[in-house]
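Undergrad: Here is a sequence together with a model predicted from it:
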Amino acid sequence: MPRRRFLHAAAICLGLLVHAAGLVAADEFPPELVRFTAYAKNPVFTAAGPGHWDAKIRERGWILREGETWRLWYTGDDGTPEGTRLLGYATSPDGLTWTRHAANPLDRNEWIEDMQVVKNGDAYLMVAEGMGDQAQWLTSRDGLTWHREGTLDVRMVDGTRIEAGPYGTPTVWFEEGVWHLFYERRDAGVWLARSRDLKVWTNVQDEPVLPLGPEPYDRLMIALNQIIKYEGRYYAYYHGSGTPEKPRLWSTSIAVSSDLVHWKKYAGNPLTLESANQSSGIVIFDGKQYRLYTMHDKVEVHFAKP
């Protein structure tokens, strides 16, 4: 082949490779996971208001879609200086119109907030924050009556317990016989620990797997809400804040990973505007598309853009 034709062919091949690489990079964050539009009738669920045990809604709640029923667990704050945090429950036929459970709060003794609920065989597992921002786990046969199993026993890589202090927003992912626990410490980063028995968790590394920043939207505080697996990759929906003044403004963002340890944040973050609190976001597949629910301090839904 003449040299000129060889160089031309090589340039075409190189261009195809660059184009293919660009497509791969773009596909790291498919539009159905990052492009959402707010529901016109938001909010879909709010606190009961002053004088009630759930005068305010706090932190991350959780939604499971089971058959034709949508199930919502949330934390109510009574608005007092002591601020009790109790577990509430509501159901819906469509994820938009919700009915509170008649026996709310489900537990009047346990401090439960910032929870995640997962189906574990024939039962349910909940990980949540307890008093003093201590991560805990609870179990239930029906999702209504919960038994507290205790705080999560998290260890450093060398097997020693993590240092005393807050550790919260626990988020679990189960795969191939291993439980993966993501947790934050003072909102200064997200760590990852693993367990096979739910009793002892060991850090994968003693540094955060999802650090703060460097962009302004999560440069000061960060916490992970949910892990999903989509087309062979893991996606973390998380919330962050870059505002030092109070009340803080929070937004929901996304990151991608191939191994649950190394994460890349989406260049288009945040997914929700920092001009309003839209944090503690999780996504639910409704049978046709993903919906992004944000839950602090009211439940709002955002539908994937077509």
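TA: Structure received.
Undergrad: rest of the way, CA atoms for contacts and neighbours
TA: OK.
Undergrad: all helices of the protein, in order?
TA: 3-27, 31-34 (DSSP state H).
Undergrad: Lowest average pLDDT across those helices?
TA: Mean pLDDT per stretch puts helix 3-27 lowest among those, at a mean of 42.
Undergrad: can you count the residues close to the nearest residue to residue 203 once chain neighbours are set aside?
TA: Take residue 203 and drop its neighbours on the chain: the residue closest to it by Cα to Cα, 6 or more residues apart in numbering is residue 193, 3.9 Å away. Per other Cα atoms under 10 Å, the neighbour tally for residue 193 reads 21.
Undergrad: Pull out the buried positions in stretch 60-78.
TA: Residues of stretch 60-78 classed as buried by neighbour count (16 or more other Cα atoms under 10 Å): 60-65, 70-78.
Undergrad: now, the most widely separated pair of those?
TA: 65 and 78 (27.6 Å; Cα to Cα).
Undergrad: so what pLDDT did the nearest residue to residue 289 once chain neighbours are set aside get?
TA: Once flanking residues are discounted, residue 289 sits nearest to residue 304: 6.4 Å by Cα to Cα, 6+ apart. Note on residue 304: pLDDT of 94.
Undergrad: What of residue 243?
TA: 88.
Undergrad: gap between it and residue 56?
TA: 22 Å (Cα to Cα, to the nearest Å).
Undergrad: Between those two, which is the more surrounded one?
TA: Applying other Cα under 10 Å to residue 243 and residue 56 shows that residue 56 carries more neighbours, namely 21 against 17.
Undergrad: On the strand side of things, show who that one bridges to.
TA: Residue 56 has these beta-bridge partners by DSSP bridges: residue 77.
Undergrad: That one contacts residue 49, doesn't it?
TA: Yes. With contact defined as Cα atoms under 8 Å, residue 56 counts as touching residue 49 (6.4 Å).
Undergrad: Pull the contacting residues for residue 62.
TA: 72-74, 115-117, 282 (Cα atoms under 8 Å, 6 or more residues apart in numbering).
Undergrad: mind checking pLDDT for it?
TA: For residue 62, the predicted pLDDT is 98.
Undergrad: In a markdown table: the contacts of residue 62, plus distance to residue 124.
TA: A markdown table is the format used below for these (distance: Cα to Cα, whole Å):
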| residue | distance to residue 124 |
| --- | --- |
| 72 | 13 |
| 73 | 12 |
| 74 | 15 |
| 115 | 12 |
| 116 | 10 |
| 117 | 7 |
| 282 | 18 |
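Undergrad: Name the nearest of the residues you listed relative to residue 150.
TA: For the contacts of residue 62, the residue nearest residue 150 by Cα to Cα is residue 115; the value is 14.3 Å.
Undergrad: that older thread, just put the contacts of residue 62 in a markdown table and tack on distance to residue 177 and pLDDT.
TA: Putting the contacts of residue 62 into a markdown table (distance: Cα to Cα, whole Å; pLDDT from 0 to 100) gives the following:
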| residue | distance to residue 177 | pLDDT |
| --- | --- | --- |
| 72 | 27 | 98 |
| 73 | 26 | 98 |
| 74 | 28 | 98 |
| 115 | 22 | 98 |
| 116 | 19 | 98 |
| 117 | 18 | 98 |
| 282 | 24 | 98 |
